[in-house]
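Undergrad: Sequence first, predicted model second:
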Amino acid sequence: MKENLFLGIDLGGRENKTTGICILKEDDGIKIYFKDKIFGKELLKKISPYLKSIKVIAIDAPLTKGRGKGKMRLFEKFLSQKIFRQNKINPIPPALMPQLCDFAFELKRKLEKRGFVLDTNLIEVFPTFLEKILNLKKIEEILKEKKISFKNEDEKMAFYCAILAFLHSKFKTRYLGYKDGFLFLPEPSFWKKEWIKKIHKVWKGKDRLKYRYLISNLFD
C-alpha cells in the first residue's frame, strides 16, 4: 500500500547546515515520520527516496519573485504592518537574501520537473508566523505524538511547514496573495482565538487602495 507523506522544508543556505526537513506520515492518524537538519546542497538527495509518496510539499522560502521595494510581494507588504513587526513575525525582504531566493527558485524548478505544481501540491509557507498563531493543542489532536521534541530550531520550523502540507491535503488551508505569489496558512479553526481577532481586524482595516489587488479566502 502506498504511503501518504507530507514534507515540510525550512530552507537554508546551499553550503550551510541550516535546512530543516520534516516528513509526516498518515497512518491511522498522523505522526512524525522523519526529521533532520542538513546542508542545503544535500536536500534533493535526501528527499528523493520519498518523493513518489509525498502528497504535498510546503517550503519556507520565496518561491516567486516580487517587483516592489525590497523585491517584496504584495502579501509580504501586508505582513509587514505594525502588528506583525511588533510580534516579530514580519517577513524578511527577499532583496536581503538573494542567494537563498536563487536557491529556492532552483529547488522549485527541480520539484516541478518531478511533477509538483506551485500553489497546488507545492506551497509557500511562513513557519515563524505559524508558530505564533497556531493553537498547538489543535495540532496535537491530529498527531499521534503528544510530546513533540526537536533537536534544533530548523527541525521545528520544518515541522510547522509539514503540518501545513498535511492540512493543505485536507483542504484546511487558506491563501493570501496576488499574482506575484501566494502564501498559505491554516484555516482559522487552527489559530489561537486572539489571533483570529487580530488578523481579522487588520484585514478589515487594510488600506483599500494599497491592497486593492490583495486577495484571500481567510475569512470566507
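TA: That came through fine.

Undergrad: Pass me the low-pLDDT residue ranges in this protein, would you?
TA: Low-confidence segments of the chain, defined by pLDDT under 70: 1.

Undergrad: buried ones in stretch 97-106?
TA: 97, 100, 101, 103, 104 (16 or more other C-beta atoms under 10 Å). Every residue, glycine included, has its C-beta placed from N, CA and C.

Undergrad: Ok, stretch 61-76 next?
TA: Result for stretch 61-76 [16+ other C-beta under 10 Å]: buried residues 61, 62, 63, 64, 66, 71, 72, 73, 74, 75, 76.

Undergrad: quick one: terminal-to-terminal distance for it?
TA: Terminal residues of stretch 61-76 are spaced 12 Å apart (C-alpha to C-alpha, to the nearest Å).

Undergrad: same check, this time on stretch 166-180
TA: Using C-alpha to C-alpha, the end-to-end distance of stretch 166-180 comes to 24 Å.

Undergrad: swap in stretch 64-71?
TA: By C-alpha to C-alpha, the extent of stretch 64-71 from end to end equals 10 Å.

Undergrad: residues making contact with that stretch?
TA: The contact list for stretch 64-71 (C-beta atoms under 8 Å, 6 or more residues apart in numbering) reads 72-74, 76-77, 93-96, 101, 105, 118, 124, 180-182.

Undergrad: So what's the gap between that stretch and the chain middle?
TA: 18 Å (C-alpha atoms, centre = their mean, to the nearest Å).

Undergrad: Against residue 187, how distant is residue 50?
TA: 26 Å (C-beta to C-beta, to the nearest Å).

Undergrad: Ramachandran angles for the residue nearest to the spatial centre of the chain?
TA: Centroid-nearest residue in the chain: residue 125, 1.9 Å away (criterion: C-alpha atoms, centre = their mean). Phi and psi for residue 125, reported as degrees, to the nearest 10, are phi -140, psi 170.

Undergrad: Could you pull up the residues touching it?
TA: If you count contacts by C-beta under 8 Å, 6+ apart, residue 125 has them with 8, 58, 59, 60, 160, 161, 164, 183, 184, 185.

Undergrad: Tell me the one of those nearest residue 43?
TA: Comparing these against residue 43 with C-beta to C-beta places residue 59 closest, at 10.2 Å.
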